[in-house]
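Undergrad: quick one: sequence plus predicted model below, questions after.
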Amino acid sequence: MSHEHFYSRTNGPTIHRINQVRYLDEVAPRHLAGGGDPRHVTEYLLAAGWSNHSVPGYPHVLLESPDRQLHLTLEPTAPEERDTWWRVHPAERTSWSAHFGGHTPVEIIAGFTDALAHQAPRARTETTDLWHIAASHGWPKQLEGTNQAALSPDETAILARVQAPGLHDTSTWRWKTEVSVPLAEQRRRWLWGASIDDTAPAAALTGFVTALTDPAPLLRDEGQTTGHTFGYLNSTRSAVSPEHNRRLHLQRLEAAQRSRPSQPPPVGRISPPGPAHRRKRR
């Protein structure tokens, strides 16, 4: 994602550079569409009542839910595909977390975060057949021993439920997505990855899997798709103009504003971290 498409301040419905963008393309499969504009995620949460605790002059975004129970951070790093840019987790960081790479399409991240904007941050207790959702979109479930996974129709993305080491010698289950394209000699080029604890809210997990496997194309303007996907990404000129797409975005924000919680948030604010307290990247 180039600096032209990243904005460190989520300060208003100004998505899309209308005077510079001449047209939009419809690109598929969506998991190869590139990151897109982060404000598709952040402006929606702000419109839904989340507060902005970003530090002026510091290249990250820190948002907090109205009840102060959830945090979202966006910390862009050097253009290394395996780095985590997006993190979502409860403020106490004790139950679950979600991580997304820099080239994760924002529409797929929004499948997760939009759902969080409309419910309390509780543990995932409902039974949701995420494999059925994936299979209905052409990602059939595959079993190899204890591993569970679904492969995209073009075989460039995989959704898997895996066990990962936890605290106190325990193991936890996580939903992981890996997106890559083939290279020569049976090698592959990594594009992006995502990892979400199985204990994340069910509605958010459902939203993520639905958005990930949806066969509908995504809209991208010039320069928003990564060159690594050449030959694997289908692109056609869209009848949707940049101005019309902006109006659709404003309608999306208006819908988020109408869904704001009726109760005011508790008194108090979190202290935004300064540059000296920046968390080490893993």
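TA: Here it is on my side, so go on.
Undergrad: what is the burial count for residue 54?
TA: 19 (other Cβ atoms under 10 Å). C-betas here are computed from N, CA, C, even on glycine.
Undergrad: swap in the one 5 residues further on?
TA: For residue 59, the tally of surrounding residues (other Cβ under 10 Å) stands at 14.
Undergrad: so it is in contact with residue 76, correct?
TA: Yes - with contact defined as Cβ atoms under 8 Å, residue 59 reaches residue 76; the gap is 6.2 Å.
Undergrad: give me the neighbour count for the spatially closest residue to residue 173 that is not a sequence neighbour.
TA: Nearest residue to residue 173, sequence neighbours excluded (Cβ to Cβ, 6 or more residues apart in numbering): residue 198, at 3.9 Å. The number of residues packed near residue 198 is 17, by other Cβ under 10 Å.
Undergrad: equivalent analysis for the one 5 residues further on, please.
TA: Residues contacting residue 203 under the criterion other Cβ under 10 Å number 18.
Undergrad: can you check residue 213 too?
TA: The burial count for residue 213: 26, using other Cβ under 10 Å.
Undergrad: wait, it touches residue 152, no?
TA: Yes - with contact defined as Cβ under 8 Å, residue 213 counts as touching residue 152 (7.5 Å).
Undergrad: now do the shared contacts for the two.
TA: Common contact partners of residue 213 and residue 152 (Cβ atoms under 8 Å, 6 or more residues apart in numbering): 138-139.
Undergrad: end to end, how far does stretch 45-57 reach?
TA: End-to-end span of stretch 45-57 (Cα to Cα, to the nearest Å): 21 Å.
Undergrad: list the buried residues of that stretch.
TA: By neighbour count on 16 or more other Cβ atoms under 10 Å, the buried set for stretch 45-57 is 45-50, 53-55.
Undergrad: hang on, residue 160 is in a helix, isn't it?
TA: No - assessed with DSSP: H, G, I helix; E, B strand; the rest coil, residue 160 is strand; it does not lie in a helix.
Undergrad: ok, for it, nearest residue in space, not its chain neighbours?
TA: residue 149 (4.0 Å).
Undergrad: rewinding a little: now do the same contact list for the residue nearest to residue 173.
TA: For residue 198, the contact set (Cβ under 8 Å, 6+ apart) comprises 96, 124, 161, 172-175, 205.
Undergrad: apply 10 Å and report the result again.
TA: Taking Cβ atoms under 10 Å, 6 or more residues apart in numbering, we find residue 198 in contact with 96, 124, 130, 161-164, 172-175, 205.
Undergrad: strands - which of the residues you listed land there?
TA: Among the contacts of residue 198, DSSP state E puts 161-164, 172-175 in strands.
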